[in-house]
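Colleague: sharing a model that was predicted from the sequence below.
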Amino acid sequence: MKYIVHDQVVLSRAPEGPLAAHLGSFANALSAQGYSGQSLKLQVRIAACFSRWLEQKGVGARDIDLEHAMRYLRYRARHLRSNSSDRPALRHLIDFLRSEGVIPVEKTATRRVPPAEICAQAYAEYLRDAQALAAATVIYYVSFVRDFLHHCFGDGKVTLSRLRAADVVSFVQFNAPRLHLKRAKLMTTALRSFLRYVRYRGDVTLDLAAAVPVVANWSMPSIPRAISVDQTRQLLASIDRHTPIGRRDYAILLLLARLGLRAGEVAFLELDDIDWGAGQLNVHGKSGQRNELPLSADVGKAIAAYLQHGRPPSASRRVFLSARAPIKGVGPIGVCSVVRRSLLRAGIDAPTTGAHQFRHGLATQMLSHGASLREIGEVLGHRHPQTTQIYSKVDIKALRTLALPWPGGVR
């Protein structure tokens, strides 16, 4: 006699054991996360087999832990046909049972938190609450500060009052040569911020922020590496818009190319940010900044095609979702991966494989059509005019093609 667990899962017999009553809700949870019918069947069936094994071993629901799952996998490998999906399936089951309160949350052994980490986390809290910095900025700053504290104190007690200018200088001199110029400058900015913070708290009395060395910088050393108009056109034409992934990738690439959005701005775009009536996008920029940008017809059409015929069902409000389960919003790294894979598939030798080249490409194109730096800065969402000035650097090679011959010929 067959037993229906879910509209996509039918077992050859009624489930047994301590988890029998939870298989239906487990199947519903997997379905809500976007798992395919085949994956859902495999995961529920191994959960049913695991439940029968638990009953044979006399294990009750409240006593189940990850070790039982590992023991069952070893048993299954010896006596049954094992599959590479067995381990993640049981991991999903254990996580589901914990989230439902069926089995207790695993107790982790208390470990000693290094003093440097405690100090770094206090600084992170200050950046978030008092300074209201963006999450990405906090992560960058704290990583450098954590390294600085380990450099000065190791895993021992952090006595900030013992810090001296020599400690600051030696840390920068040791790390700066190993970093890209931008990261080196970010490191010194983070250090100055941290040293001002500890002085404000009264942990140090010296103005150590003034002791942070300045990383050498040459203003606008090169023209930003921008993808060309022809390369962008070729890339967009190469996307297969007959598939759900193709519709998603095409819409993402159009947002990068037509509006010059950052990868993070595309990733965190939500359904409520699209005003279809007014033809506008509400973009979440850096440091909580919000920009309203016009939604061009081709971009709007591409997004609509993805929402109607490509976006998987999900409770998430993010516009762009992963194509495989668990279904969740695509992150900034995912957006960059779309760019990299698309360029590789199209065989385009672009200046870089990143998403930012479209932003540079849009600015360069606007400049060539006579747009002012102020107009470019408004489109790109620059808070400071200095940020846009990098596009004012003249391309000497382009000017040479316009140069008039010297009167009288070469002398």
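Modeller: Everything's here; your move.

Colleague: list the residues that contact the closest residue to Arg262 other than its chain neighbours.
Modeller: Excluding the flanking residues, the one nearest Arg262 by CB to CB, 6 or more residues apart in numbering is Arg359, at 6.8 Å. To be clear about C-beta, it is placed using only N, CA and C from the backbone, and glycine gets the same treatment. For Arg359, the contacting residues are 256, 260-262, 380, by CB atoms under 8 Å, 6 or more residues apart in numbering.

Colleague: could you do Pro18 as well?
Modeller: 51, 54-55, 59-61, 64.

Colleague: mind listing which of those are in helices?
Modeller: 51, 54-55 (DSSP state H).

Colleague: how near is the residue nearest to Arg262 to Leu255?
Modeller: From Arg359 across to Leu255, the span is 11 Å (CB to CB, to the nearest Å).

Colleague: now Ala304
Modeller: As judged by CB to CB, Ala304 and Leu255 stand 13 Å apart.

Colleague: who has more neighbours out of these two?
Modeller: Higher neighbour count among Ala304 and Leu255: Leu255, with 26 against 14, using other CB atoms under 10 Å.

Colleague: who's in contact with Pro313?
Modeller: Pro313 touches 34, 327, counting by CB under 8 Å, 6+ apart.

Colleague: which residue packs closest to Phe358, ignoring adjacent ones?
Modeller: Leu256 (3.9 Å).

Colleague: who touches the host helix or strand of the one you found?
Modeller: Leu256 is part of helix 244-259 when elements are defined by DSSP states H and E. For helix 244-259, the external contacting residues (CB under 8 Å, 6+ apart) are 232, 235-236, 239-241, 261, 263, 266, 269, 281, 283, 293, 296, 298-299, 302-303, 305-306, 309-312, 320-321, 323, 330, 335, 338-339, 342, 355, 358-359, 361-362, 379.

Colleague: narrow these to those that are buried.
Modeller: 232, 235-236, 239, 241, 261, 263, 266, 269, 281, 283, 293, 299, 302-303, 305-306, 310-311, 320-321, 323, 330, 335, 338-339, 342, 355, 358-359, 361-362, 379 (16 or more other CB atoms under 10 Å).

Colleague: Glu100 contacts Asn28, correct?
Modeller: No: using CB atoms under 8 Å as the test, Glu100 is too far from Asn28 to be in contact (11.2 Å).

Colleague: pull up the overlap in contacts between these two.
Modeller: Residues touching both Glu100 and Asn28 by CB under 8 Å, 6+ apart: none at all.

Colleague: tell me where the model's unsure across the stretch 251-400 of the chain.
Modeller: In the predicted model of the stretch 251-400 of the chain, residues 286-290, 367-373, 375-379, 381-400 satisfy pLDDT under 70.

Colleague: tell me where it has helices.
Modeller: 263-267, 297-309, 332-346, 356-368, 373-380, 385-388, 396-400 (DSSP state H, counting those that start in this stretch).

Colleague: who touches Asp298 in this structure?
Modeller: With CB under 8 Å, 6+ apart, Asp298 has these contacts: 254, 258.

Colleague: run the last query once more with 10 Å
Modeller: When contacts are counted by CB atoms under 10 Å, 6 or more residues apart in numbering, Asp298 touches 236, 254, 258.

Colleague: and Ala304, by the same measure?
Modeller: Residues in contact with Ala304 (CB under 10 Å, 6+ apart) are 247, 251, 274, 276.

Colleague: the closest residue to His150 other than its chain neighbours: how many residues sit nearby?
Modeller: Once flanking residues are discounted, His150 sits nearest to Ala116: 5.4 Å by CB to CB, 6+ apart. Using other CB under 10 Å, Ala116 has 22 neighbouring residues.

Colleague: my read: Ala116 touches Val142, true?
Modeller: No: checked against CB atoms under 10 Å, the pair Ala116 and Val142 is beyond contact range at 11.1 Å.

Colleague: quick revisit: what subset of the contacts of Ala304 is buried?
Modeller: Buried among the contacts of Ala304 (16+ other CB under 10 Å): 247, 251, 274.

Colleague: specify the beta-bridge partners of the last one.
Modeller: Under the criterion DSSP bridges, Ile274 forms beta bridges with Leu281.

Colleague: surely it meets Ile303?
Modeller: Yes: contact criterion CB under 10 Å: Ile274 and Ile303 qualify, at 7.0 Å.

Colleague: hey, what's in contact with both of these two?
Modeller: With CB under 10 Å, 6+ apart as the test, Ile274 and Ile303 both reach 281, 295, 319.

Colleague: out of these, which is nearest to Arg196?
Modeller: Leu281 (36.8 Å; CB to CB).

Colleague: how about the contacts made by that closest one?
Modeller: 255, 259, 261, 265, 269, 273-275, 291-296, 299-300, 303, 319.

Colleague: look up how far Ile245 lies from it.
Modeller: 22 Å.

Colleague: one more: Ala226?
Modeller: Following CB to CB, the distance that separates Ala226 from Ile245 is 26 Å.

Colleague: more neighbours: which of those two?
Modeller: Ranked by neighbour count (other CB under 10 Å), Ala226 and Ile245 place Ala226 first, with 22 against 17.

Colleague: among the contacts of Pro18, which ones are buried?
Modeller: 51, 54, 59, 61, 64.

Colleague: on that earlier part again, between the helices of the stretch 251-400 of the chain, which gets nearest to Val5?
Modeller: helix 297-309 (30.4 Å).

Colleague: in the stretch 1-150 of the chain, where is pLDDT below threshold?
Modeller: 1-3, 7, 82, 106-111.

Colleague: strands of that one, residue ranges please.
Modeller: Counting by DSSP state E, counting those that start in this stretch, the stretch 1-150 of the chain has strands at residues 3-6, 9-11.

Colleague: with mean neighbour count and distance to Leu186 added, can I get those strands in TSV?
Modeller: Below are the strands of the stretch 1-150 of the chain laid out as TSV (neighbours: other CB atoms under 10 Å; distance: least, CB to CB, whole Å):
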stretch	mean neighbour count	distance to Leu186
strand 3-6	16	50
strand 9-11	18	51
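
Colleague: with distance to Phe194 added, can I get the ones you listed in TSV?
Modeller: Formatted as TSV, those follow (distance: least, CB to CB, whole Å):
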stretch	distance to Phe194
strand 3-6	53
strand 9-11	54
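
Colleague: which one of the ones you listed lies closest to Ala120?
Modeller: Of all these, it is strand 3-6 that lies closest to Ala120, at 46.1 Å by CB to CB.

Colleague: if you count contacts, what does that closest one end up packed against?
Modeller: Applying 3 or more CB pairs under 10 Å, 6 or more residues apart in numbering; DSSP states H and E, we find strand 3-6 packed against strand 9-11, helix 23-32, helix 37-56.
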